[in-house]
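Chemist: Sequence and predicted structure are below.
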Amino acid sequence: MPGQYCSGGKQRLGRFTKAGDAYLRTLLITATKAVLAAAKTKTAKTDPVSRWAIQIQERREYWKAVVAVAAKNARMCWATLQRGEDFKMPV
C-alpha cells in the first residue's frame, strides 16, 4: 500500500509497496488499467482524476502510470474510509 512520510510540516508520498493485502493491490491495479484504457476512447472522462491519469501516462511509461494512479486511488479510498464520509470527486 502507499507509504507516507511527514517531517517538518512537509508531506512526502511514498511508494506503492507490496505490504498489505495482495488481492486488494491486484484489484487496484486492474481497476487502474481499466481507467487508463477508457481514457483513450472518444468518450473520455473529463474529471480531474481522469485528466491527471492521462497526463501521467503521457509523461511516464505505462506501468509507472498504472502504479501511480493506483496509489492515488488507494489514498483516496483510505481517506474516505478514515473520515467515514461519502466519496466526493476532488476538484
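Modeler: Here it is on my side, so go on.
Chemist: What part of this protein, helix or strand, is modelled with the least confidence?
Modeler: Sorted by mean pLDDT, DSSP states H and E, the helices and strands of the chain end with strand 2-7, the least confident at a mean of 60.
Chemist: remind me, longest helix of this protein?
Modeler: helix 62-83 (DSSP state H).
Chemist: Mind checking the pLDDT average for that helix?
Modeler: Mean pLDDT, computed over helix 62-83, is 87.
Chemist: In it, which residues are buried?
Modeler: For helix 62-83, a neighbour-count test (16 or more other Cβ atoms under 10 Å) marks 65-74 as buried. From N, CA and C alone the C-beta is placed, and that goes for glycine too.
Chemist: nearest to Leu28, of those residues?
Modeler: Leu28 lies nearest to Ala70 out of these, by Cβ to Cβ, at 4.3 Å.
Chemist: returning to what we had before: check which helices and strands the longest helix of the chain sits against.
Modeler: Where contact means 3 or more Cβ pairs under 8 Å, 6 or more residues apart in numbering; DSSP states H and E, helix 62-83 is packed against strand 2-7, strand 10-16, helix 22-39, helix 48-59.
Chemist: Which strands and helices lie in contact with the last one?
Modeler: Taking 3+ Cβ pairs under 8 Å, 6+ apart as the contact definition, the neighbouring helices and strands of helix 48-59 are helix 22-39, helix 62-83.
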